[in-house]
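Student: All I have is the shape, not the residue letters:
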Ligand code: GDP
């Protein structure tokens, strides 16, 4: 059964370009409720751990350097079918391939600097949410 929570980050490029508000508006307009949220900057250690699954990819260090280059917004979101519906809302990894009206189509700079993260499975949504928030930081 599909779960009802996902995890997102508004990445450094979208924070830098002043689009936190626009992106949060799109997220809430699409019916997601915010269950936890913080404005923070990742350490290199945190970014490496978060993206550990990509450690063997040639762009791993570039990805880590980008993710620590400025502040981010991390959030846990709730909606029926959250993971799949949020992936639809953000669009393809590469904004040039993302559908019209998606967050990445509107706000991402490139495949690397692509404005937002969205968990790719219920299992990873739970792991990623717990990576950034303890239970006292998540509303009921
Ligand atoms: P996602 O699930 O759509 O975020 O995409 P992936 O899991 O494939 O990649 C994770 C993140 O790595 C992406 O969101 C990008 O920020 C970054 N990324 C993906 N491909 C590349 C690439 O070719 N070069 C660089 N520098 N970063 C990439």
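Tutor: That came through, no problem. Because the structure is a prediction, the values reported are computed rather than measured.

Student: Could you list the contact residues of the chain toward the ligand?
Tutor: Selection of the chain residues close to the ligand by C-beta under 6 Å from any ligand atom yields 59, 62, 63, 93, 111, 112, 114, 117, 120. Any C-beta I mention is one placed from the backbone N, CA and C, and that applies to glycine too.

Student: Name the nearest of the residues you listed relative to residue 131.
Tutor: Closest approach to residue 131 among the residues of the chain next to the ligand (C-beta to C-beta): residue 117, at 11.6 Å.

Student: what are the phi and psi angles of the closest residue to the closest one other than its chain neighbours?
Tutor: Nearest non-adjacent residue to residue 117, counting by C-beta to C-beta, 6 or more residues apart in numbering: residue 9, 4.2 Å away. When quoted as degrees, to the nearest 10, the phi and psi of residue 9 stand at phi -130, psi 140.

Student: give me every residue that touches residue 9.
Tutor: 72, 73, 74, 75, 116, 117 (C-beta atoms under 8 Å, 6 or more residues apart in numbering).

Student: Also residue 138?
Tutor: Here residue 138 is in contact with 35, 36, 76, 129 (criterion: C-beta under 8 Å, 6+ apart).

Student: Please, where are all the strands along this structure?
Tutor: 5-10, 33-40, 72-78, 116-118 (DSSP state E).

Student: which secondary structure elements does the second one contact?
Tutor: To tie it back to what came earlier, the one meant is strand 33-40. helix 20-29, strand 72-78, helix 122-132 (3 or more C-beta pairs under 8 Å, 6 or more residues apart in numbering; DSSP states H and E).

Student: For it, what does the pLDDT average out to?
Tutor: In this model, strand 33-40 has a mean pLDDT of 98.
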